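Novice: Would you be able to build a 3D model of this:
(one chain, ligands or ions: 2)
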Amino acid sequence: MSAQGSAEGVVVAIDGPSGSGKSSTAKGVATARGLWYLDTGAMYRAMTWWMQHHRIDVDDAAAVAEAAGRPDITMGTDPAAPTVHVDGRDVAREIRTQEVTAKVSAVSAVPAVRERLVDEQRGTIAQARRRAGGIVVEGRDITTIVAPDASVKIYLTASAEARAHRRSGEVQGSDVAAIQADLARRDLLDSSREDSPLTQTAEALELETTGLGLDEVVAIVVALIDRAVAAAEQAESSAAI
Ligand SMILES: Nc1ncnc2c1ncn2[C@@H]1O[C@H](COP(=O)(O)OP(=O)(O)OP(=O)(O)O)[C@@H](O)[C@H]1O
Ligand SMILES: Nc1ccn([C@H]2C[C@H](O)[C@@H](COP(=O)(O)O)O2)c(=O)n1
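Specialist: Ligands and ions are numbered 1, 2, ... in the order given. Okay, the predicted model is just below:
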């Protein structure tokens, strides 16, 4: 069954702590069902990179708020080749540096930053519903704030050890303990901020992935989408009778 079966387009919302597998899972699912893909963490990273690039003190919330409207952030939503441009410049590599990672939680805690980016994320979701079969969106507040009415809502987790080991596999010779400490630091900041923190709600299905491979996780989410689409089609055809 294809997600395009639903007249309204399907919206899949995935939240979870750092390194739980949100991006890999979301891209795999979007590819499997021909949906758009939106990495909202990359948008907060792009905003942070722009602030640092323009020498704005990212620890000064007032200065960040004042500048939050200035960068032009453009997200490519093809799950096979997602892109991030700021003011026309490809910043896919720059936004993954340690310098950005160290400050992205501080920048994303500024309400003016969140207001602007949440608005843009909702705009992309609306476009995907009109122009594609729908979208898979991942981040920290997608199930709660950005798209609380999503067709499928998932809170993706894995143990702190598993997440650190998965991340360490990306860089040869990396220090697993240091990675685990950095993930814990970001999780604490992201879940304790006042404005739309990372929270696990009863509305979202918890998917614990510690013992699961990526393919298994993608298959579970695809099955959830197919079930949601079938239920929506059933409801549409019952309403038409
Ligand atoms: N189920 C899984 N089994 C094994 N490895 C996985 C699984 N899911 C993801 N990974 C690997 O774990 C690492 C982190 O995954 P990913 O970047 O998707 O996490 P994330 O939640 O998006 O992280 P962040 O919040 O930091 O952006 C990647 O190297 C990815 O390939
Ligand atoms: N919806 C979101 C997505 C991300 N953030 C913040 C918090 C993260 O530490 C940071 C980077 O995200 P990542 O690339 O690790 O997924 O961005 C947020 O506040 N809300």
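Novice: and the helix or strand where T48 lies, what does it pack onto?
Specialist: Using DSSP states H and E, the element containing T48 is helix 40-53. For helix 40-53, the packing partners by 3 or more Cβ pairs under 8 Å, 6 or more residues apart in numbering; DSSP states H and E come out as strand 73-76, strand 83-86, helix 98-108, helix 111-131, strand 134-139. The way it works is simple: take the backbone N, C-alpha and C, and place the C-beta from them, glycine included.
Novice: pull the CA atoms of it into CSV?
Specialist: Taking C-alpha atoms only, helix 40-53 is exported to CSV below (Å, rounded to 0.1, in the frame of the first residue of the first chain):
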residue,chain,number,x,y,z
THR,A,40,14.3,20.1,11.9
GLY,A,41,17.5,19.7,13.9
ALA,A,42,19.4,20.8,10.8
MET,A,43,17.3,24.0,10.7
TYR,A,44,18.4,24.8,14.3
ARG,A,45,21.9,23.9,13.4
ALA,A,46,21.8,26.2,10.3
MET,A,47,20.5,29.1,12.5
THR,A,48,23.3,28.5,15.0
TRP,A,49,26.0,28.3,12.2
TRP,A,50,24.7,31.6,10.7
MET,A,51,24.9,33.4,14.2
GLN,A,52,28.4,32.2,14.7
HIS,A,53,29.4,33.1,11.1
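Novice: which parts of it are buried?
Specialist: 40-52 (16 or more other Cβ atoms under 10 Å).
Novice: List the contacts of that helix.
Specialist: For helix 40-53, the external contacting residues (Cβ atoms under 8 Å, 6 or more residues apart in numbering) are 22-23, 58, 64, 67-68, 70-71, 73, 75, 82, 84, 86-87, 91, 94-96, 99-101, 103-104, 107-108, 113, 117, 120-121, 137-140, 142, 146.
Novice: Just the buried subset of these, please.
Specialist: Here, 16+ other Cβ under 10 Å leaves 22-23, 58, 64, 67-68, 71, 73, 75, 82, 84, 86, 91, 94-95, 100-101, 103-104, 107-108, 113, 117, 120-121, 137-140, 142, 146 buried among the contacts of helix 40-53.
Novice: near ligand 2, which of the residues you listed show up?
Specialist: Among the buried ones among the contacts of helix 40-53, the ones lying near ligand 2 by Cβ under 6 Å from any ligand atom are 104, 108, 139-140, 142.
Novice: pretty sure H165 is touching V176, no?
Specialist: Yes - judged on Cβ atoms under 8 Å, H165 makes contact with V176 at a distance of 6.2 Å.
Novice: could you pull out the helices for this structure?
Specialist: Assigned by DSSP state H, the chain shows helices spanning 22-33, 40-53, 61-67, 98-108, 111-131, 160-168, 176-192, 214-240.
Novice: what about T74, how many neighbours?
Specialist: Residues contacting T74 under the criterion other Cβ atoms under 10 Å number 15.
Novice: Dump the helices of the chain to TSV, plus distance to L207.
Specialist: Formatted as TSV, the helices of the chain follow (distance: least, Cβ to Cβ, whole Å):
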stretch	distance to L207
helix 22-33	8
helix 40-53	18
helix 61-67	33
helix 98-108	23
helix 111-131	21
helix 160-168	13
helix 176-192	17
helix 214-240	7
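Novice: Make JSON lines from these and add mean pLDDT to it.
Specialist: As requested, the helices of the chain are exported to JSON lines (pLDDT from 0 to 100):
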{"stretch": "helix 22-33", "mean pLDDT": "98"}
{"stretch": "helix 40-53", "mean pLDDT": "98"}
{"stretch": "helix 61-67", "mean pLDDT": "98"}
{"stretch": "helix 98-108", "mean pLDDT": "96"}
{"stretch": "helix 111-131", "mean pLDDT": "97"}
{"stretch": "helix 160-168", "mean pLDDT": "95"}
{"stretch": "helix 176-192", "mean pLDDT": "95"}
{"stretch": "helix 214-240", "mean pLDDT": "93"}
